[in-house]
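**Student:** structure for this input, please:
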Amino acid sequence: MPSILQFFPEQASSFAHDVDALTLWLIGMGAFFTVLIAGLVIVFAIKYRRRSPDQVGENFHESPLLEITWTLIPLVIVLFTFVWGAKVFFRLYRPPAGAIEYHVTGKQWMWKTQHPTGQREINELHLPVGRAVKLTMTSEDVIHSFFVPAFRVKADVVPGRYTSMWFQPTKPGRYHLFCTEYCGAQHSRMIGWVTVLPTDDYQTWLASVPVQQTPIEQGAALYARLGCAECHGEGGGRGPDLNGVFERDVRLASGERVGADETYLRESILDPGAKLVAGFGRTMPSFRGQVDEEQMHTLIRYLKSLPETRAAAAPVAPENVVR
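**Tutor:** Numbers count the residues shown, from 1 in each chain. Presented below is the predicted three-dimensional model:
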């Protein structure tokens with residue numbers, strides 16, 4: 001049971017201790033120098049005050065040693081803090097290979113989540129303990145912000161693009177989920193829970209929520225229904241081969257190169273001419289208004305699952321990548 005005087009929320013992720021330690025260092029350092037400077041101001045104001053109206057101050061020549069000291073000490077402290085903060089930052093924003101990927105959609109005023117096996121939840125997310133978790137997130141309307149205090153993770157959820165975060169829960173429990181970006185009249189009601197379960201209990205929970213199709217299977221069905229394979233078949237056609245497209249280096253008609261991440265794939269579906277791939281014309285129609293955010297997620301999950309083919313991987317034809 002947390003103490004009523006507990007300064008930080010419960011630590012329930014693998015890097016919560018690192019975040020708290022850095023935060024305490026910043027608070028302690030700020031408090032120390034605040035007290036030090038305020039104390040020196042008071043001491044010097046009393047010690048060197050004017051004691052009579054006709055008193056004349058003495059000349060004082062600067063001390064090189066003093067100036068070097070008060071320059072080097074803050075420099076060392078700032079560099080130490082920067083290196084420490086950068087180390088924590090890189091750990092927070094570099095998900096490990098093999099992390100389980102979940103999809104989160106923010107909407108006024110709820111969180112919609114989907115498991116890789118297809119189970120869906122609203123304002124709830126069940127997770128296994130001890131496994132690295134990656135959340136790929138987007139919004140259907142305005143900017144939201146996904147925040148789980150016990151995990152020390154927070155990231156904006158932005159309409160029109162994908163953002164992500166990762167964490168590894170370290171103890172079973174039920175933890176608060178908040179939106180920390182004002183998103184409208186009922187912003188304060190956009191709350192939920194993340195429930196972390198032992199592995200066996202998590203598998204039991206998954207089995208209790210049966211699904212007909214996984215997101216990849218739903219995406220494959222949508223891909224076929226929209227007729228995408230007619231232009232994007234193996235070896236290319238009016239559009240390039242999409243096998244192995246995810247995270248491939250894409251050469252554009254402008255000569256630029258971009259990485260085919262989730263945001264790029266989403267933009268290519270909704271606005272095909274925004275980043276036209278070298279070697280292909282403006283023949284693809286926009287699917288804006290035909291595919292909602294949850295369908296978009298399943299479509300991208302399907303594209304991410306496609307294995308790379310010889311034609312797609314051939315270095316002699318780098319333009320045959322997407323669209």
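**Student:** now do residue 260 against residue 122, distance only.
**Tutor:** 31 Å (Cβ to Cβ, to the nearest Å). All C-beta atoms are positioned from the backbone trio N, CA, C, and that covers glycine.
**Student:** so between these two, which is more surrounded?
**Tutor:** residue 260 (22 against 11; other Cβ atoms under 10 Å).
**Student:** count the neighbours of residue 63 for me.
**Tutor:** Using other Cβ under 10 Å as the criterion, the residues surrounding residue 63 number 10.
**Student:** likewise for the one 5 residues further on?
**Tutor:** A total of 10 residues lie near residue 68 under the criterion other Cβ under 10 Å.
**Student:** elements contacting the helix or strand where it lies?
**Tutor:** Remark: residue 68 resides in helix 64-92, with elements defined by DSSP states H and E. For helix 64-92, the elements it packs on are helix 16-47, judged by 3 or more Cβ pairs under 8 Å, 6 or more residues apart in numbering; DSSP states H and E.
**Student:** redo that, cut-off 10 Å
**Tutor:** helix 16-47, strand 153-157, strand 163-167 (3 or more Cβ pairs under 10 Å, 6 or more residues apart in numbering; DSSP states H and E).
**Student:** buried ones in that helix, by neighbour count?
**Tutor:** 88, 92 (16 or more other Cβ atoms under 10 Å).
**Student:** try stretch 110-120
**Tutor:** Neighbour-count burial for stretch 110-120 [16+ other Cβ under 10 Å]: 110, 111, 112, 113, 114, 115, 118, 119.
**Student:** contact partners for the closest residue to the last one other than its chain neighbours?
**Tutor:** Computed as Cβ to Cβ, 6 or more residues apart in numbering, the closest residue to residue 119 that is not its neighbour in sequence is residue 209, at 4.5 Å. Residues near residue 209 by Cβ atoms under 10 Å, 6 or more residues apart in numbering: 115, 117, 118, 119, 120, 121, 126.
**Student:** and residue 209, how far from residue 217?
**Tutor:** Taken as Cβ to Cβ, the span from residue 209 to residue 217 is 16 Å.
**Student:** tell me where the stretch 201-323 of the chain has helices.
**Tutor:** 215-225, 262-270, 293-305, 310-313 (DSSP state H, counting those that start in this stretch).
**Student:** with distance to residue 86, mean pLDDT and mean neighbour count as extra columns, can I get those in a markdown table?
**Tutor:** As requested, these are exported to a markdown table (distance: least, Cβ to Cβ, whole Å; pLDDT from 0 to 100; neighbours: other Cβ atoms under 10 Å):
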| stretch | distance to residue 86 | mean pLDDT | mean neighbour count |
| --- | --- | --- | --- |
| helix 215-225 | 35 | 88 | 18 |
| helix 262-270 | 25 | 86 | 20 |
| helix 293-305 | 30 | 87 | 21 |
| helix 310-313 | 35 | 42 | 15 |
